[in-house]
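Q: Build the 3D model from these lines:
(chains A and B)
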Amino acid sequence: MNKEDETLLREVIGEDVTSSDSYNIRKNGKLVERKVNPNINIVTKEDNSGIDIYVKENTLFGTVNIPVIITESGLTDVVYNDFHIGKNANIIIVAGCGITNNGHWDARHDGIHRFYLEEGAKVKYIERHCGLGVGDGKRILNPVTEINMKKASYMVMDTTQIKGVDDTIRTTKANLESDATLIVTEKILTSKDQVAKTNFIVELNGENASTHVTSRSVATEKSYQEFVSNVTGNTKSYAHVECDAIIKEEGQVKAVPEIFAKNVEANLVHEAAIGKIAGEQLMKLMSLGLTEKEAEEVIIEGFLK
Amino acid sequence: MLELKNISFTRNNKKILNNINLTLDNDKFYVITGPNGSGKSTLAKIIMGLEKPDTGKIYLNGEDITNKTISERAKLGLGYAFQQPVQFKGITVYDLLKLSTNKKELTKKEACNILSKVGLCAMEYVDREVNKSLSGGELKRIEIATVMAKKPYLAIFDEPEAGIDLWSFQNLTEVFKEISNNSNTTTLVISHQERILNIADEIIIISKGEIEDQGAKEKLFDQIMNPKKCCKGGTPCE
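A: Just a heads-up that it's a prediction; the model follows:
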């Protein structure tokens, strides 16, 4: 790995990857470096491109970093990463992909992440996506996250795509058993003529399963974003889906909410708000001495924080 | 010193302010009062630059600020507390106070001290987002705190008591007493509250877009509290 790779990795993980208990660094479709420990094992798949991550039951405060970087223009990398989280384990997983494309060909990464949480397992999953480089080839990311949650398991998914990704279709599917809780926060910023589409499909199958999905997005210049959520309450369950978007210049955002209560005890809520930055917000910050441009930056930074 | 000269403002064919002339001296505590719809808030907004007058000039210490932006006026030392506090998703009370003080190094303790002055149990609030999870009264106090934190040369408060419960109001009066004792700030408060009127150095009465009367609190307080005019039409009752 060279300095550029390290910068890209830091952009994805937010810190030094190797400071983690366990990690797996993948560059241009190949394994670069891996570290495991007695509680967290990472195994290369034999029948497919990708890895299996096994976290032993009752593992507490473990961390796993699974970054992917792509620096070859024209490369399409498809990877299947399966996370098997043992009973009552409590773990932080940081994953994501950074593409530096300095060439004319499109560079693409499709990361399919499947989570299997056993009873009582707790996961904080942080996913970051970004695109860098000066080439006119596109940076394309299509992450798929499938989450299977056993009884009383708990997962927080914090996913961010802040810059440089030209085209993305992000799909998250989840099945929750009884007393399981899934909290998802998605933050997306698009500019130029970028396109970002998000699909959330959540099935609340077990009694007292609950989910809270928050999507905050900013579409600037000529970019387009689409947020589709589809939550089904099959039993006594709770869901709250929020979609908030700020649009600037010629940015467009479409929100398509779908909530389906199949049981009288299902309590499902959806809120969506799309609009430009409120004039009062700008005026308040300007009354504190910020210029209009500074005020706008502070509002967007806070919104996506 | 702030001077308003011949300020007029018309919207939708309605004259909201008609030829207002007003001078605010340094270090004084002014209260503007008057009936609803008389133009008080519009006048405050015009001073801060949130609205632009159709005619007239505004001078701050002799400098014409009529065409200056809100930001420029803020940098010259004007501060403004909104009647309806603005909410922000993702911006915390601490963030807002940092922006208010223009101190990147504002400590949490300093932020807490500012919040305590407006009657908020500071540690509970400092990391909360300034959004709908806060009550109207809490948002109002935070709004007041942002202006106090700024330590402006001229502080404008548009109906600070609105949305604050009676129990907390006494505390707020103390806050304004403290501001009025601060010799470096000129304060302009729009209020209908007796307790606020009572701590004013001067009271300005606005009615139908014009200054009806202006003078020392001692002169006007009794007149406001014991009006000899009917509220309808201003014709004498007796």
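Q: Distance-wise, check the residue nearest to the spatial centre of chain B relative to B:Val118.
A: In chain B, the C-alpha nearest the mean C-alpha coordinate belongs to B:Phe157, at 1.4 Å (CA atoms, centre = their mean). Distance, B:Phe157 to B:Val118, using CB to CB, to the nearest Å: 12 Å. C-beta coordinates here come from the backbone N, C-alpha and C atoms, glycine included.
Q: rewinding a little: am I right that the residue nearest to the centre of chain B sits in a helix?
A: No. Assessed with DSSP: H, G, I helix; E, B strand; the rest coil, B:Phe157 is strand; it does not lie in a helix.
Q: so it touches B:Pro85, yeah?
A: No. At 11.6 Å, B:Phe157 does not count as touching B:Pro85 under the criterion of CB atoms under 8 Å.
Q: so A:Gly135 sits in a helix?
A: No. Looking at A:Gly135 with three-state DSSP, it is coil, so not inside a helix.
Q: Would you mind listing what in chain A touches chain B?
A: Applying CB under 8 Å from any CB of the partner chain, we find that chain A lies next to chain B at A:216, A:244, A:278, A:280-281, A:283-292, A:298-299, A:301-305.
Q: Run through the helices of chain A in chain order.
A: Using DSSP state H, the helices of chain A run over A:3-13, A:279-286, A:292-303.
Q: Run the chain-centre distance for the last one.
A: What it means is helix A:292-303. Taking CA atoms, centre = their mean, to the nearest Å, the mean C-alpha location of helix A:292-303 is offset from the chain mean by 23 Å.
Q: what sits in contact with each of B:Phe157 and B:Val118?
A: Shared contacts of B:Phe157 and B:Val118 (CB atoms under 8 Å, 6 or more residues apart in numbering or on different chains): B:Ile144.
Q: pLDDT below threshold where in chain A?
A: For chain A, no stretch is flagged by pLDDT under 70.
Q: And the residue nearest the centre of it, how close does it get to chain B?
A: Residue closest to the mean C-alpha point of chain A, counted by CA atoms, centre = their mean, is A:Thr159 at 2.7 Å. A:Thr159 is 16 Å from chain B, where distance means CB to the nearest CB, to the nearest Å.
Q: I figured that residue was touching A:Thr168, is that so?
A: No. Assessed by CB under 8 Å, A:Thr159 is found out of contact with A:Thr168, at 10.9 Å.
Q: Spit out the residues that contact these two alike.
A: What both A:Thr159 and A:Thr168 touch, as defined by CB under 8 Å, 6+ apart, is the set A:His129, A:Pro143.
Q: pLDDT weak spots in chain B?
A: For chain B (pLDDT under 70), the answer is B:167, B:183, B:228-238.
Q: for chain A, what are the nearby residues on chain B?
A: Applying CB under 8 Å from any CB, one finds that chain B approaches chain A through B:48, B:50, B:69-71, B:74-75, B:78-80, B:82, B:84, B:86, B:88-91, B:95-96, B:99-100, B:102, B:146, B:150.
Q: in the stretch 151-300 of chain A, which spans are strands?
A: Counting by DSSP state E, counting those that start in this stretch, the stretch 151-300 of chain A has strands at residues A:154-163, A:167-176, A:181-190, A:195-204, A:209-219, A:224-233, A:237-247, A:252-261, A:266-275.
Q: What is the first one packed up against?
A: For strand A:154-163, the elements it packs on are strand A:122-132, strand A:144-149, strand A:167-176, strand A:181-190, judged by 3 or more CB pairs under 8 Å, 6 or more residues apart in numbering or on different chains; DSSP states H and E.
Q: Direction included, what does it pair up with?
A: strand A:122-132 (parallel), strand A:181-190 (parallel) (DSSP bridges).
Q: Mean neighbour count for these - can I get that in TSV?
A: Converted to TSV, the strands paired with strand A:154-163 look like this (neighbours: other CB atoms under 10 Å in any protein chain shown):
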stretch	mean neighbour count
strand A:122-132	21
strand A:181-190	22
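Q: Go through the ones you listed and name the closest to A:Asp106.
A: A:Asp106 lies closest to strand A:122-132 among these, at 11.1 Å (CB to CB).
Q: quick one: the helices in chain B?
A: Per DSSP H, chain B carries helices over the ranges B:40-48, B:70-75, B:93-101, B:108-117, B:122-125, B:136-150, B:166-181, B:194-198, B:217-225.
Q: Can you lay out the ones you listed as CSV showing mean neighbour count and distance to A:Lys30?
A: Listed next are these as CSV, based on neighbours: other CB atoms under 10 Å in any protein chain shown; distance: least, CB to CB, whole Å:
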stretch, mean neighbour count, distance to A:Lys30
helix B:40-48, 23, 60
helix B:70-75, 21, 52
helix B:93-101, 23, 43
helix B:108-117, 18, 46
helix B:122-125, 16, 50
helix B:136-150, 23, 53
helix B:166-181, 15, 64
helix B:194-198, 16, 71
helix B:217-225, 14, 80
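Q: could the ones you listed go into a markdown table alongside distance to A:Asp16?
A: Output for these, formatted as a markdown table (distance: least, CB to CB, whole Å):
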| stretch | distance to A:Asp16 |
| --- | --- |
| helix B:40-48 | 47 |
| helix B:70-75 | 40 |
| helix B:93-101 | 28 |
| helix B:108-117 | 28 |
| helix B:122-125 | 33 |
| helix B:136-150 | 37 |
| helix B:166-181 | 47 |
| helix B:194-198 | 56 |
| helix B:217-225 | 64 |
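Q: And the strands of the stretch 151-300 of chain A: which comes nearest B:Ile58?
A: B:Ile58 lies closest to strand A:266-275 among these, at 32.0 Å (CB to CB).
Q: And that closest one, what does it pack against?
A: strand A:224-233, strand A:237-247, strand A:252-261.
Q: Tabulate those in JSON lines, adding columns for mean neighbour count and distance to A:Asp52.
A: As requested, the helices and strands packed on strand A:266-275 are exported to JSON lines (neighbours: other CB under 10 Å; distance: least, CB to CB, whole Å):
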{"stretch": "strand A:224-233", "mean neighbour count": "21", "distance to A:Asp52": "29"}
{"stretch": "strand A:237-247", "mean neighbour count": "22", "distance to A:Asp52": "30"}
{"stretch": "strand A:252-261", "mean neighbour count": "16", "distance to A:Asp52": "33"}
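Q: Can you tell me which of the ones you listed is nearest to B:Ile203?
A: strand A:237-247 (42.8 Å).
Q: what separates that closest one from the chain centre, distance-wise?
A: Between the centre of strand A:237-247 and the centre of its chain there are 15 Å (CA atoms, centre = their mean).
Q: What's the separation between the nearest residue to B:Leu120 once chain neighbours are set aside and B:Leu154?
A: Distances taken as CB to CB, 6 or more residues apart in numbering or on different chains put B:Arg141 closest to B:Leu120, at 5.5 Å, once the chain neighbours are dropped. For B:Arg141, the distance to B:Leu154 (CB to CB) stands at 21 Å.
Q: Kindly report the same for B:Ser8.
A: Applying CB to CB to B:Ser8 and B:Leu154 gives a distance of 22 Å.
Q: just A:Lys56 next, same as before
A: Distance from A:Lys56 to B:Leu154, counting by CB to CB: 65 Å.
Q: Neighbours of the residue lying closest to A:Ile188 once chain neighbours are set aside, how many?
A: Spatial nearest neighbour of A:Ile188, chain neighbours left out: A:Ser217 (4.4 Å); criterion: CB to CB, 6+ apart. A:Ser217 has 27 neighbours, counted by other CB atoms under 10 Å in any protein chain shown.
Q: ok, the residue nearest to A:Ala278 when sequence neighbours are not counted - contacts?
A: Sequence neighbours aside, B:Val86 is the residue nearest to A:Ala278 in space, at 7.5 Å (criterion: CB to CB, 6+ apart). Residues in contact with B:Val86 (CB under 8 Å, 6+ apart) are A:Ala278, A:Glu280, A:Gln281, A:Met283, A:Lys284, B:Val130, B:Glu143.
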